[in-house]
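Engineer: What follows is a predicted structure for the sequence shown.
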Amino acid sequence: MLLPLLRPLESDPVREFRLDLFPPAVPEIVGALRRLLRDTLRTLGLDADAPCLILSELVTNALLHGDGPPTVVLELRCGRLYIAVSDASCAPVVRPAPDGARTSGRGLDLVDALADEWGMEFIGSYGKAVWAVATVGG
């Protein structure tokens, strides 16, 4: 679900936004992006917990398993937050088999539990984008 640069017909500029971010590929960026999203959603009076966890997991996966710096798109439309994180790797996302003894590799399980929907798309020869949608209410 790559996000086109379109606004809804009945856009509400106070309750909707789009951020296209090009952060460096450093571990510290995960917390900075999470705080940016949390502060933005809270300013609008919206629940930030699930979206911030989803964003953290997707960015962490891009840093650990992707290639090059990630690109992050955050867009709030009609009460739904669209999160897309892309990287230059063409390797598909692999969700490990469930295993209660596993101490890592549960990020996509968390995304699956918190997001309304999520998936992955290849971006031509550039790489891939992993996306998720979360209802934020308000």
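Structural biologist: Okay, I see it.
Engineer: host element of the residue most central in space within the chain?
Structural biologist: Nearest to the geometric centre of the chain sits Ile83, at 3.5 Å (C-alpha atoms, centre = their mean). Using DSSP states H and E, the element containing Ile83 is strand 80-87.
Engineer: As CSV, could you dump the C-alpha coordinates of that strand?
Structural biologist: C-alpha atoms of strand 80-87 as CSV (Å, rounded to 0.1, in the frame of the first residue of the first chain):
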residue,chain,number,x,y,z
ARG,A,80,-6.4,6.1,10.1
LEU,A,81,-2.6,6.4,10.3
TYR,A,82,-0.7,5.0,7.3
ILE,A,83,2.9,4.0,8.1
ALA,A,84,5.3,3.0,5.3
VAL,A,85,9.0,2.2,5.8
SER,A,86,11.0,1.4,2.8
ASP,A,87,14.6,0.4,2.2
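Engineer: mean confidence for it?
Structural biologist: Summarised as a single mean, pLDDT over strand 80-87 is 96.
Engineer: Paired strands for that strand, with orientation please.
Structural biologist: strand 71-77 (antiparallel), strand 127-135 (antiparallel) (DSSP bridges).
Engineer: Among those, which comes closest to Asp109?
Structural biologist: Relative to Asp109, the nearest member of the strands paired with strand 80-87 by C-beta to C-beta is strand 127-135, separated by 12.8 Å. C-beta: built from backbone N, CA, C; applies to glycine.
Engineer: model confidence over that closest one, on average?
Structural biologist: Strand 127-135 carries an average pLDDT of 96.
Engineer: who's in contact with the closest residue to Tyr126 other than its chain neighbours?
Structural biologist: Spatial nearest neighbour of Tyr126, excluding adjacent residues (C-beta to C-beta, 6 or more residues apart in numbering): Ala88 at 6.3 Å. By C-beta atoms under 8 Å, 6 or more residues apart in numbering, the contact list for Ala88 reads Gly66, Asp67, Gly68, Tyr126, Gly127.
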